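Chemist: quick one, what's the 3D model for this:
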Amino acid sequence: DTSGVGGDDSVSHLTTFALLYEGHATGSLIANGVSCEDTAHDIQAELMKLPPLYEVDVSGERSDAGDEGCVWVVTFLSVMGNPEIMKVQAWNSGEYAGPA
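Modeler: Reported below is the predicted structural model:
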């Protein structure tokens, strides 16, 4: 959030995050980038670099909450059964903001 202490629902332009899947992590991603669609493309490119994942589809759109946030949907195309839960680590202004 923009307050840095959990005080609002807005996503700071300084927030970055990484996705963790089966012990592997993506590179740093910008949470409030140029557009939700551009960030979805970046998320997809980073996820496809992870050894356990070969094919994913990621879509993104603005949330309905009016908070300038994005909603991303990740579809695993090459994972059979129930995939492991993906985790998020976030940073705001370079400080660890914890899991989302």
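
Chemist: residue contacts, the residue lying closest to residue 48 once chain neighbours are set aside?
Modeler: Spatial nearest neighbour of residue 48, chain neighbours left out: residue 56 (6.2 Å); criterion: C-beta to C-beta, 6 or more residues apart in numbering. Just so you know, the C-beta spots here come from the backbone N, C-alpha and C atoms, and that holds for glycine as well. With contact taken as C-beta atoms under 8 Å, 6 or more residues apart in numbering, residue 56 is in contact with 44, 47, 48, 74, 75, 76, 77, 78.

Chemist: isn't the fourth one up against residue 43?
Modeler: Yes - under the criterion of C-beta atoms under 8 Å, residue 74 is in contact with residue 43, at a separation of 7.2 Å.

Chemist: what do those two both touch?
Modeler: residue 58.

Chemist: the two: which is more packed in?
Modeler: A side-by-side neighbour count of residue 74 and residue 43, using other C-beta atoms under 10 Å, places residue 43 first with 21 against 18.

Chemist: for that one, give me the pLDDT.
Modeler: Predicted confidence (pLDDT) for residue 43: 94.

Chemist: which residue comes closest to it once chain neighbours are left out?
Modeler: Per C-beta to C-beta, 6+ apart, closest to residue 43 is residue 58, 4.8 Å.

Chemist: what's the helix or strand for the one you found?
Modeler: strand 56-62 (DSSP states H and E).

Chemist: quick one: strands adjacent to that strand?
Modeler: strand 70-76 (antiparallel) (DSSP bridges).

Chemist: so for the strand it pairs with, mean pLDDT?
Modeler: For strand 70-76, the per-residue pLDDT averages 89.

Chemist: ok, residues contacting it?
Modeler: 11, 31-32, 36, 39-40, 43, 47, 53, 55-63, 83, 86.

Chemist: one more: stretch 30-50?
Modeler: Contacts for stretch 30-50 (C-beta under 8 Å, 6+ apart): 11-13, 15-17, 19, 21-22, 24, 26-27, 29, 53-62, 68-72, 74, 90.
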